[in-house]
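Q: Model the structure of this input:
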Amino acid sequence: MRIYCKFEFTNVKCNSLDKSFDDFEYCYLKSVNRSYKYFSVKVNLFKTPVTKVTGTLFKRYNGYRPFMFNVTIDACRLLSGAKTNPFADYVYGFFKNYTNMNHTCPFEHDLMIEKLDTNFMNYQVTKILPVPEGDYLLELHWLAYEIDRAVVKVYGNIS
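A: Below you'll find the model as predicted:
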């Protein structure tokens, strides 16, 4: 008997905390059919650089509670190929083939993730590093000059 898990995006929220620094052109989930759903986001950067990302994974137990990690990553160092944080490499692996954030700093252009689909995410969270069933929230805070500039919240379910 085999047990199969399935990942599904349930919601996404993007919020610019400083409209003079950045603003989201779009941030959405699109359901093409019952088995194909994807996530896309594009943020327009009016000033640069974004240098750090703080990521927290939450799991829902009567409300969302921190689960597994809460890390701050030097994004430029991660993208330069430095292997400083295995979990950051794992999370970056979720979207590196779907983004224009696949080169070293500085970023002098808008940042985007295009059509990150549930099938790829399903493979990452059930085969690469199996994650227990439940409802999850990945909250990413994007920082520049040590100031929180944007928050991206990606909600998902593993059943």
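Q: Okay, now the unreliable bits of the chain?
A: Scanning the chain for pLDDT under 70 picks out 1-5, 82, 103-104, 106-107.
Q: Okay, helices next: where are they in it?
A: Secondary structure of the chain (DSSP state H): helices located at 75-79, 86-95, 118-123.
Q: For the second one, which outside residues touch it?
A: Spelled out, it's helix 86-95. 55, 69, 71, 73, 78, 83, 101, 113, 116, 120-121, 124, 128-129, 138 (CB atoms under 8 Å, 6 or more residues apart in numbering). Where C-beta positions appear, they are placed from N, C-alpha and C, glycine not excepted.
Q: now swap in the first one and tell me
A: Applying CB under 8 Å, 6+ apart, the set of residues contacting helix 75-79 from outside is 49-53, 84-85, 88-89, 92, 101-106.
Q: and which of those residues is nearest Tyr38?
A: Taking CB to CB as the measure, Tyr38 lies nearest Met101 of the contacts of helix 75-79, at 17.2 Å.
Q: Nearest spatial neighbour of the closest one, chain-adjacent residues omitted?
A: Leu111 (5.6 Å; CB to CB, 6 or more residues apart in numbering).
Q: For that neighbour, give the beta-bridge partners.
A: Counting by DSSP bridges, Leu111 is bridged to Val43.
Q: Around it, count how many other residues there are.
A: 17 (other CB atoms under 10 Å).
Q: unless I'm mixing things up, Thr56 is touching Tyr136, no?
A: No - contact criterion CB atoms under 8 Å: Thr56 and Tyr136 do not qualify, at 10.9 Å.
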